[in-house]
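**Student:** Sequence plus the predicted model coming up.
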Amino acid sequence: MVWVPLRTTRTDRRAPLCAPATRCTTMSLEWLMDWSWSLDGLRDFIATGIQSFRDCDTTALATVACLLVLFVWYCYHVGREQPRTYATVNALMQSAEANGMQNGYVYCHSPECVRCTHHDGLNQKLYHNLQEYAKRYSWSGMGRIHKGIREQGRYLNSRPSIQKPEVFFLPDLPTMPYFSRDAQKHDVELLERNFQTILCEFETLYKAFSNCSLPQGWKMNSTPSGEWFTFYLVNQGMCVPRNCRRCPRTYRLLGSLRTCIGNNVFGNACISVLSPGTVIAEHYGPTNIRIRCHLGLKTPSNCELVVGGEPQCWAEGRCLLFDDSFLHTAFHEGPPEEGPRVVFMVDLWHPNVAAAERQALDFIFAPGR
C-alpha cells in the first residue's frame, strides 16, 4: 500500500514560508499527514523550499548568512587556539639566589634569570602584554614600544659595550651617562629639601648594626671586596611594608615625587650603604627607560661613581642623576674612621618617555604579570 499526497494547485504547493502563521501551520499539517516517500513528493518539497527562500527578503537572508559564517569562523578560531603559558615578567627579573648572589651582579647563568642569560620567552611575554594593553586602551603612542619589543634581540645584542641594558631597551631615547638636575627638577628639589628627614630615619636604622651583623630588613649584596648593604622601601615595583613602617616620612615622600617609578619591576627606592674598602663590580642596569637618582646622605672622601667611564663624586644633600644602563661601578676607598658612604636611591622616569608610554610600560612590566 502506497501513500500518495493530495494533489494541490501549483500556487498552493509553492506558498512562501514567510506567509501568515495560520497558513504555514495548515501547510505543515498537510505535509505531515500526506507525506509520501515517492520521488514526486520529495521533488515538490524541495521546490517549495526554494520558492519560499526566493520570496523572502534577500537582504535579510544575506545578513543571516554572513552572521552564520562569522559565528562558524569564530568557533573554529577559538577551538584551534591553544592556551600559551608564560613565565611572569617578575619571575624573569629575579636572580637566582641559590649561592647567595643577589641583584644579578654576579652572573649565575640560571635559565630563570634574565639579567644573567637572555630568555627566549621574554619577548613573547612582552608582546603578549602589549597586545593586551592595546585591546584594553589604545595603540596610540605605542610605536616606539612596539618597535622596541619587536627588535629587542637585535637592540640588546648589537648595543655598544658602554651601554647594554640587560632586560629591555626602548629605542630613540637620548642617551648619556649623566643627566643634569633639570631633567627632573621638581623631584630633585623635593628630595634635597627633605635631606635631613631621610638622614634622620637612616641614622635610626643604622644603630641596629651595633647589635648584630645584618639587622632585619637589610640585604647584603655581592661585591668583589668590602660590604654593600641595601634597605629597600620599594623593590622591583613592590612595596616592602615592614621597611616602610620603619621609615614613614621617607615613604610618604616617595608619593610626592612626580616621576618616581613605583608601578613596574624597574622601580626601586632604597638606602644604599658602602663600607670602607668596598668595590662594586662593573655591571649594567636592566633598562634605559629610567634614570637613577642618588641623594647623598653621607659622603666620605675617596668615594666615586663611574658611569660610562666618567667619574663623579657624591655630595651630601645633593642629587646625582645617571643612566644605569651604561656600564657603571662604585667604590669607597676612604679610611675606616670616616665611616660608610650612604645614599638614598630612587628610580625616576627618563624625561623623554611620554606619558602614554609610561602607562603602557607600567602595564607591560607590572609586578607579577
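**Tutor:** Alright, I've got the coordinates. Numbers count the residues shown, from 1 in each chain.
**Student:** was I right about Ser180 contacting Cys319?
**Tutor:** No - Ser180 lies out of contact with Cys319 (CB atoms under 8 Å); the separation is 10.5 Å. Where C-beta positions appear, they are placed from N, C-alpha and C, glycine not excepted.
**Student:** Let me see the backbone angles for the closest residue to Ser275 other than its chain neighbours.
**Tutor:** In space, Ser275 comes closest to Glu227 once its chain neighbours are excluded; the distance is 4.3 Å by CB to CB, 6 or more residues apart in numbering. Main-chain torsions, Glu227, degrees, to the nearest 10: phi -130, psi 140.
**Student:** can you offset everything so residue one is 732?
**Tutor:** That works, and once the first residue is 732, the last one we named lands at Glu958.
**Student:** Ser911 and Cys1050: which is more packed in?
**Tutor:** A count of neighbours by other CB atoms under 10 Å puts Cys1050 above the other of Ser911 and Cys1050, at 23 against 10.
**Student:** Tell me how far that one lies from Phe933.
**Tutor:** 16 Å (CB to CB, to the nearest Å).
**Student:** and what of His859?
**Tutor:** His859 sits 41 Å away from Phe933, going by CB to CB.
**Student:** again, but for Ala1091
**Tutor:** 35 Å.
**Student:** Between these two, which has more neighbouring residues?
**Tutor:** Just comparing Ala1091 and Phe933: by other CB under 10 Å the higher neighbour count belongs to Ala1091, 24 against 20.
**Student:** who's in contact with that one?
**Tutor:** Residues near Ala1091 by CB atoms under 8 Å, 6 or more residues apart in numbering: Leu861, Tyr864, Tyr868, Gly872, Met873, Ile876.
**Student:** May I ask which helix or strand encompasses it?
**Tutor:** In the assignment (DSSP states H and E), Ala1091 maps to helix 1086-1095.
**Student:** what bits of the stretch 732-881 of the chain have low per-residue confidence?
**Tutor:** The model of the stretch 732-881 of the chain has pLDDT under 70 over residues 732-773, 776, 780-789, 791, 807-852.
**Student:** Can you name the residues bridging to the closest residue to Asn952 other than its chain neighbours?
**Tutor:** Closest residue to Asn952 apart from its sequence neighbours, by CB to CB, 6+ apart: Trp959 at 4.5 Å. The partner list for Trp959 in beta bridges (DSSP bridges) reads Asn952, Leu1005.
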